[in-house]
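Participant: from the sequence below, what's the structure:
(chains A and B)
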Amino acid sequence: MPRRKLDPLPSTAFQILLALADRELHGYGIMRQVAAQTEDRLRLGPATLYGSIQALLEVEYIEEADAPAAGEADERRRYYRITALGRKVARTEAERMAKALRIARAKKIFGGEHV
Amino acid sequence: MSERLFHVLAGLYPAAFRREFGKECAQLLRDRFRDERGFVARARLWVNLILDCVVGVPQLHVAARPASQPANAPADGSMFWMEDERPLRPVFFACAGFLSLTVFGSLLVWMAFIRYDRENSLSAFLAAQPRSTKFHAHAVAGAWLQAERPPDEGSRQSGAVLLRTGLIMSPQINTPPPTAAAGEPHVEDATKAMVEAFRTHSIVMFGETHANKQEYAWLWSLVKDPAFHARVDDIVVEFGNSLYQKSVDRYIAGEDVPLEQVQKAWRNMAGAVGPVSPVYGQFYKAVRESNQMYPRHPIRLVLGDPYADWSKINNAEDLGPFVAHRDEWYAQVVKDEVLAKEHRAILIMGAGHFRRSNGPGLIERAIRAAGQDPYLVVFGTNVVGGYDDQDPRFDAWKTPAIVSLAGNWVGDLPAMPVLTCGAAAVNGLKMSDVADAMFYAGPRDTLTQVNVPAAELQNTEYGREINRRLMIEMGRTMTFTQPEETPQCHRPARQTVVSGPIGPSPLPMPKSMNDPLPPRPPSQ
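Facilitator: Residues are numbered from 1 along each chain as shown, chains lettered A, B, ... in the order given. Model (predicted):
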């Protein structure tokens, strides 16, 4: 069952889905977006990045896309976009994290800080 | 650096992953090395890459295993099990980091040693060449004229030679006679050898012989080879006027471009005299078809001939600067379109432009100055002396073949007869002096040249335009009576001068050959 390959969704794969949530990106664009999302804590190397992309393609959470028509597009690179299934999985994962956050707040795990 | 590093990393990846994402991984490394500069950023990049090897590569191999999984893998088959469910302890990182640093350090030392060894070899070769060179000219059969100039003279000289007389200038160098034959050559399938060359070189220079049927049949198949297509980003060709790069980009991408527009690229060259062989248009078509076969990584056809607009050329003065600067322009195109983008490319140009004489030629020097180490393959024949001196040792070869010229009897053969079917005399240069490898398409008498069908020239617009250009360049016209195929090698009328279909020009050299190239117009 290939769909079970990324269940539960690893954090790297989740970050990649988030990076692709609002636009199509090529590999290096994904790496930079993930680095920005994680405040530079997660910089994906080639094996990790493309290993994750390969797995996400296999389970059809993302798919290849044509290069954007905008002038900055590099036609020689492969671009990726999130699929409807991938968006649904990312939303489920975000909701799971939000739920955990609510529980953490309820248990005052953050002390007095507002998170 | 990124290219070398990727060659190291690529060996660690599973083969299927390498095929699917090898290009992207290499591009990622190029991007990161380009953008992450400075000591801190670069140190962080190295740490990141080492961790990526330690953590990511094993995951790739686990994911690549089709059925069996490690005993401690999760039942759900997640490839991320190591990262998510069994995070590595710091001691693992320390051990793996130490091992990785040791391996990387060893590789860097090894690469530095190889480079040092090569540079010393080149220096020794250059030091061994005598300073005194003298030049003699000889014409070479063929409708397309080539020129090569001495290394210490400007290219205007070569252009002048080309425009005025259509001669190849070959250096007469006082090098020692060839020594006794060394070892046996390793004769490789040409496609396999070319693909292998890109494992160790980002740039491969292929010195072709013009209009040869057997050679171009192989080149058409080469561009459709999946391994070649996967490894090469660009093909830079002499047989393409860079004025038409835009049309060719669209054509190669599979768009509907009228043939009348795109064929201007190979028919309107500054460096071509006479009708242009159909093998070149067929090559463009082969690249287009190859890109349709492998759309994920299209190869770009980069046009290396100067941007002469024949509709605005009315006399030799108009044409002079374009002819005079052909090699410089080709080198500039390679620098701008290939080297600056850190692409891998095969460069195709007449062997006379590429072959070394007293060290690398202008184009190879420009590539080396940019930090690349190109691999040079030239078209050669089995003629090793006069026209009738065919070496029987070639008869056992399976063709088309490529042989390395280092340390074997092929490398010891006299270069000029082998390169010109015996039209040029022995001058002391050995094959190993002029190139790294030789492409062999078959024995002398099996080689054929493909010509434009006479019906496409007689009383046609193209034929009239060809004669207009011949009048401008050569001061004469020609009748179009050649059959569609003719022998590639012609028995020389004299040892050093061979009359081709278009003989030497009686016109004086245009003064504009001393002028720089005019501003480049927008691509069409």
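Participant: up against chain B, what does chain A have?
Facilitator: Counting by CB under 8 Å from any CB of the partner chain, the residues of chain A close to chain B are A:4-8, A:10-13, A:26-28, A:31, A:43-55, A:64, A:76-78. Placement of C-beta: from N, CA and C, glycine included.
Participant: just those: which are in helices?
Facilitator: Counting by DSSP state H, the residues of chain A next to chain B place A:11-13, A:27-28, A:31, A:46-55 in helices.
Participant: now for these: which two are most distant?
Facilitator: Farthest pair in those (CB to CB) is A:11 and A:28. Separation: 20.0 Å.
Participant: for the two, indicate the residue with more neighbours.
Facilitator: A direct count of neighbours by other CB atoms under 10 Å in any protein chain shown for residue A:11 and residue A:28 places residue A:28 higher, at 21 against 15.
Participant: low-confidence regions, chain A specifically.
Facilitator: Applying pLDDT under 70 to the predicted model, the residue ranges of chain A that meet it are A:1-4, A:69-76, A:112-115.
Participant: apart from its neighbours in sequence, what residue is nearest the closest residue to chain B within it?
Facilitator: Nearest to chain B in chain A, going by CB to the nearest CB, is residue A:45, at a distance of 2.5 Å. Leaving aside its sequence neighbours, residue A:45 sits nearest to residue B:52 (CB to CB, 6 or more residues apart in numbering or on different chains; 2.5 Å).
Participant: ok, how many other residues are close to that neighbour?
Facilitator: For residue B:52, the tally of surrounding residues (other CB under 10 Å) stands at 20.
Participant: and for the one 3 residues further on?
Facilitator: Burial of residue B:55, expressed as a neighbour count using other CB under 10 Å, amounts to 20.
Participant: so it: helix, strand or coil?
Facilitator: For residue B:55, the assignment made with DSSP: H, G, I helix; E, B strand; the rest coil gives helix.
Participant: how much space separates it from chain A?
Facilitator: 7 Å (CB to the nearest CB, to the nearest Å).
Participant: over to residue B:99?
Facilitator: In this structure, residue B:99 lies at 16 Å from chain A, with CB to the nearest CB as the measure.
Participant: got it, and residue B:53?
Facilitator: Distance of residue B:53 to chain A, given as CB to the nearest CB: 7 Å.
Participant: tell me which helix or strand the residue nearest to that residue when sequence neighbours are not counted sits in.
Facilitator: Setting aside the residues directly before and after it, residue B:53 is nearest to residue B:100 in space (CB to CB, 6+ apart), at 5.8 Å. In this assignment (DSSP states H and E), residue B:100 forms part of helix B:90-128.
Participant: name the SS class of residue B:204, please.
Facilitator: With three-state DSSP as the basis, residue B:204 sits in strand.
Participant: how about it, what does it touch?
Facilitator: Residue B:204 makes contact with B:194, B:197, B:198, B:345, B:346, B:347, B:374, B:375, B:376, B:377, according to CB atoms under 8 Å, 6 or more residues apart in numbering or on different chains.
Participant: next one: the residue lying closest to the last one once chain neighbours are set aside from residue A:62, what distance?
Facilitator: Distances taken as CB to CB, 6+ apart put residue B:437 closest to residue B:377, at 4.5 Å, once the chain neighbours are dropped. Distance of residue B:437 to residue A:62, given as CB to CB, to the nearest Å: 43 Å.
Participant: okay, these two: which has more neighbours?
Facilitator: The residue with the greater number of neighbours, taking residue B:437 and residue A:62 and applying other CB under 10 Å, is residue B:437; the counts read 28 against 25.
Participant: what about residue B:273, neighbour count?
Facilitator: One way to gauge burial is a neighbour count; for residue B:273, by other CB under 10 Å, it gives 26.
Participant: I figured it was touching residue B:470, is that so?
Facilitator: Yes. Residue B:273 is in contact with residue B:470 according to CB atoms under 8 Å; the separation is 6.6 Å.
Participant: tell me the confidence at the residue nearest to residue A:45?
Facilitator: In the prediction, the pLDDT value recorded for residue B:52 is 87.
Participant: which ones are touching it?
Facilitator: A:44, A:45, A:46, A:47, A:48.
Participant: measure the closest residue to the fourth one other than its chain neighbours to residue A:44 for me?
Facilitator: Excluding its sequence neighbours, the residue lying closest to residue A:47 (CB to CB, 6+ apart) is residue B:56, at 3.0 Å. Distance, residue B:56 to residue A:44, using CB to CB: 9 Å.
Participant: now residue B:348
Facilitator: Residue B:348 is 38 Å from residue A:44, where distance means CB to CB.
Participant: the more surrounded of those two?
Facilitator: Neighbour count, other CB under 10 Å: between residue B:348 and residue A:44, residue A:44 has more, with 27 against 22.
Participant: ok, back up a step: hmm, residue B:403 and the residue nearest to residue B:377 touching each other?
Facilitator: Yes. Distance between residue B:437 and residue B:403: 6.2 Å, which falls inside the contact criterion (CB under 8 Å).
Participant: before we move on, back to that, drop anything exposed from the ones in helices among the residues of chain A next to chain B.
Facilitator: In terms of neighbour count (16 or more other CB atoms under 10 Å in any protein chain shown), the buried residues within these are A:12-13, A:27-28, A:31, A:46-55.
Participant: let's see stretch B:391-411 as CSV, backbone CA atoms only.
Facilitator: Extracted in CSV, the C-alpha atoms of stretch B:391-411 (Å, rounded to 0.1, in the frame of the first residue of the first chain):
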residue,chain,number,x,y,z
ASP,B,391,47.2,1.1,-41.5
PRO,B,392,45.8,-2.5,-41.4
ARG,B,393,45.6,-2.5,-37.7
PHE,B,394,42.4,-0.4,-37.9
ASP,B,395,40.7,-3.2,-39.8
ALA,B,396,39.9,-5.2,-36.7
TRP,B,397,38.1,-2.3,-35.0
LYS,B,398,34.4,-2.3,-34.5
THR,B,399,33.1,1.1,-35.6
PRO,B,400,32.2,3.7,-34.7
ALA,B,401,34.8,3.7,-32.0
ILE,B,402,36.7,6.1,-29.8
VAL,B,403,40.2,5.4,-28.5
SER,B,404,42.2,7.2,-26.0
LEU,B,405,45.5,8.4,-27.4
ALA,B,406,47.6,8.0,-24.4
GLY,B,407,50.3,5.3,-24.2
ASN,B,408,49.4,3.3,-27.4
TRP,B,409,50.4,3.1,-31.0
VAL,B,410,47.4,5.2,-32.2
GLY,B,411,48.7,8.1,-30.1
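Participant: in that stretch, what's buried?
Facilitator: Across stretch B:391-411, burial judged by 16+ other CB under 10 Å covers B:391, B:394, B:397, B:399-405, B:408-411.
Participant: tell me what the helix or strand containing residue B:286 is packed against?
Facilitator: Mapping residue B:286 onto the secondary structure by DSSP H and E places it in helix B:278-293. Under the contact criterion of 3 or more CB pairs under 8 Å, 6 or more residues apart in numbering or on different chains; DSSP states H and E, the helices and strands touching helix B:278-293 comprise helix B:213-223, strand B:234-241, helix B:245-252, helix B:264-267.
Participant: chain center to that helix: distance?
Facilitator: Between the centre of helix B:278-293 and the centre of its host chain there is 17 Å, according to CA atoms, centre = their mean, to the nearest Å.
Participant: tell me the helix or strand right after that helix.
Facilitator: As assigned by DSSP H and E, the chain's next helix or strand after helix B:278-293 is strand B:300-305.
Participant: okay, buried residues for the very next helix or strand once past that next one please.
Facilitator: Next along the chain after strand B:300-305, taking DSSP H and E as the criterion, comes helix B:316-324. Of the residues in helix B:316-324, B:316, B:318, B:319, B:320, B:321, B:322, B:323, B:324 count as buried by neighbour count, 16+ other CB under 10 Å.
Participant: same question for stretch B:476-483.
Facilitator: By neighbour count, and taking 16+ other CB under 10 Å as the criterion, the buried residues in stretch B:476-483 are B:478, B:480, B:482.
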